[in-house]
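Colleague: kindly generate the corresponding structure for this input.
(one chain, ligands or ions: 1)
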Amino acid sequence: MDPAQPALEVDDVHHTYGRKAALKGVSFSIEPGRFTALLGPNGAGKTTLFALLTRLLALQSGSIRIEGTDIRAGSAALAPLGLVFQQPTLDLDLSVRQNLTYFAALRGIGRRDARARIEAELTRLEMAERAKESVRALNGGHRRRVELARALLHNPSILLLDEPTVGLDVESRAKICQHVHALARERGLAVLWSTHLIDEVWPDDDLIVLGGGEILAKGVARDIVQSTGAADLAGAFTRLTGAASATAPTVDAALERASRKSAGGA
Ligand SMILES: Nc1ncnc2c1ncn2[C@@H]1O[C@H](COP(=O)(O)OP(=O)(O)OP(=O)(O)O)[C@@H](O)[C@H]1O
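Modeller: Sure thing, here's the model as predicted:
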């Protein structure tokens, strides 16, 4: 990969569900070695964006390039991605190691190689001693760690996580968040972490603030706070998303109500 090339480039992406505009011309890029937080309130368009990045949804307009390759070129373009979705997808009746071994086989990783990588990732996540336990016996935070280990098995260069801390307690959230920050820093991964929780964003992170399907700010988190004149990120977030929620979502909600009424004949 060309070192000057962004890991992921999103250019003028729009997406609509019927008459509902979920993304309205979104453009940004993320870089190797950087933790990029995609911060937005519920309904901002984060999950829609992730579904487009992973080709779960077809791109309607604009372009997405992964290490320079347009994702419309085919599923091979997604090879550099490691993914953690919002909803857990582990098999509860299999052990931690079985879950990971199964995934490694799907990815075409040989048995011996898989065993070594599984041990390495579980050790890093302080989960090696739980390898034989069934996933059902783990708490939410530990299940998330297993999902993170799984996302890293094929050695991706880009890690996408859609609200990975939903439903976790404060301590588990902090642990996963710290671990992923370290992955960006120490392994040079390009990370895109979506969240609606400001305490998951660190001052040196790259930050994209999304609201009402539009990018309201992007840059280093500390600089965004400064440019809004707020005292901290919480203040900056309120100023930025407060402005958006007073306009676009209100119009969208009215359109949604109108289309529901006409569909129901009311
Ligand atoms: N399948 C769908 N049909 C119609 N509207 C949808 C659909 N999926 C999402 N939306 C709408 O598109 C907008 C963006 O939703 P999206 O789920 O991408 O936001 P989000 O930032 O991920 O929010 P959340 O954190 O609640 O998941 C919202 O207004 C939502 O109601």
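
Colleague: tell me the mean pLDDT over stretch 130-147?
Modeller: Averaged over stretch 130-147, pLDDT sits at 94.

Colleague: C-alpha coordinates for that stretch, PDB please?
Modeller: Extracted as PDB, the C-alpha positions of stretch 130-147 are listed here (Å, rounded to 0.1, in the frame of the first residue of the first chain):
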ATOM      1  CA  ARG A 130     -11.100 -18.400  29.200                       C
ATOM      2  CA  ALA A 131     -10.300 -20.100  25.900                       C
ATOM      3  CA  LYS A 132     -12.100 -23.400  26.800                       C
ATOM      4  CA  GLU A 133     -15.200 -21.800  28.300                       C
ATOM      5  CA  SER A 134     -18.400 -21.600  26.300                       C
ATOM      6  CA  VAL A 135     -19.200 -18.000  25.200                       C
ATOM      7  CA  ARG A 136     -22.600 -18.300  27.000                       C
ATOM      8  CA  ALA A 137     -20.700 -18.300  30.300                       C
ATOM      9  CA  LEU A 138     -18.900 -15.000  29.500                       C
ATOM     10  CA  ASN A 139     -20.200 -11.500  30.500                       C
ATOM     11  CA  GLY A 140     -20.800  -8.900  27.800                       C
ATOM     12  CA  GLY A 141     -17.400  -7.300  28.100                       C
ATOM     13  CA  HIS A 142     -15.600 -10.600  27.700                       C
ATOM     14  CA  ARG A 143     -17.800 -11.500  24.700                       C
ATOM     15  CA  ARG A 144     -16.800  -8.200  23.100                       C
ATOM     16  CA  ARG A 145     -13.100  -9.000  23.700                       C
ATOM     17  CA  VAL A 146     -13.600 -12.300  21.900                       C
ATOM     18  CA  GLU A 147     -15.200 -10.500  19.000                       C
END
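
Colleague: buried residues, that stretch. List them.
Modeller: Going by neighbour count (16 or more other C-beta atoms under 10 Å), the buried part of stretch 130-147 is 130-131, 134-135, 138, 141-147. Heads up, the C-betas are built off the backbone N, CA and C, glycines and all.

Colleague: report the beta-bridge partners for L160.
Modeller: In this entry, L160 is beta-bridged to L83, L192, by DSSP bridges.

Colleague: how close does it sit to Q98?
Modeller: L160 sits 25 Å away from Q98, going by C-beta to C-beta, to the nearest Å.

Colleague: more neighbours: those two, which one.
Modeller: Using other C-beta atoms under 10 Å, the more surrounded residue of L160 and Q98 is L160, with 25 against 16.

Colleague: was I right to think that one contacts T54?
Modeller: Yes - between L160 and T54 there is a contact at 7.0 Å, judged by C-beta atoms under 8 Å.

Colleague: any residues in contact with both of those two?
Modeller: The contact sets of L160 and T54 overlap at 81, 83 (C-beta atoms under 8 Å, 6 or more residues apart in numbering).

Colleague: now R65: how far from F28?
Modeller: Counting by C-beta to C-beta, the gap from R65 to F28 is 12 Å.

Colleague: and for the two, which residues touch both?
Modeller: E9.

Colleague: residue ranges of the helices in the stretch 151-266 of the chain, please?
Modeller: For the stretch 151-266 of the chain, helices defined by DSSP state H, counting those that start in this stretch occupy the ranges 170-187, 221-228, 233-245, 248-264.

Colleague: worst mean pLDDT among those?
Modeller: Minimum mean pLDDT among the helices of the stretch 151-266 of the chain: helix 248-264, a mean of 39.

Colleague: JSON lines for the buried residues of stretch 130-147, including secondary structure and distance to E214?
Modeller: Formatted as JSON lines, the buried residues of stretch 130-147 follow (DSSP: H, G, I helix; E, B strand; the rest coil; distance: C-beta to C-beta, whole Å):
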{"residue": "R130", "secondary structure": "helix", "distance to E214": "42"}
{"residue": "A131", "secondary structure": "coil", "distance to E214": "44"}
{"residue": "S134", "secondary structure": "strand", "distance to E214": "44"}
{"residue": "V135", "secondary structure": "helix", "distance to E214": "38"}
{"residue": "L138", "secondary structure": "coil", "distance to E214": "38"}
{"residue": "G141", "secondary structure": "helix", "distance to E214": "33"}
{"residue": "H142", "secondary structure": "helix", "distance to E214": "37"}
{"residue": "R143", "secondary structure": "helix", "distance to E214": "34"}
{"residue": "R144", "secondary structure": "helix", "distance to E214": "30"}
{"residue": "R145", "secondary structure": "helix", "distance to E214": "34"}
{"residue": "V146", "secondary structure": "helix", "distance to E214": "35"}
{"residue": "E147", "secondary structure": "helix", "distance to E214": "30"}
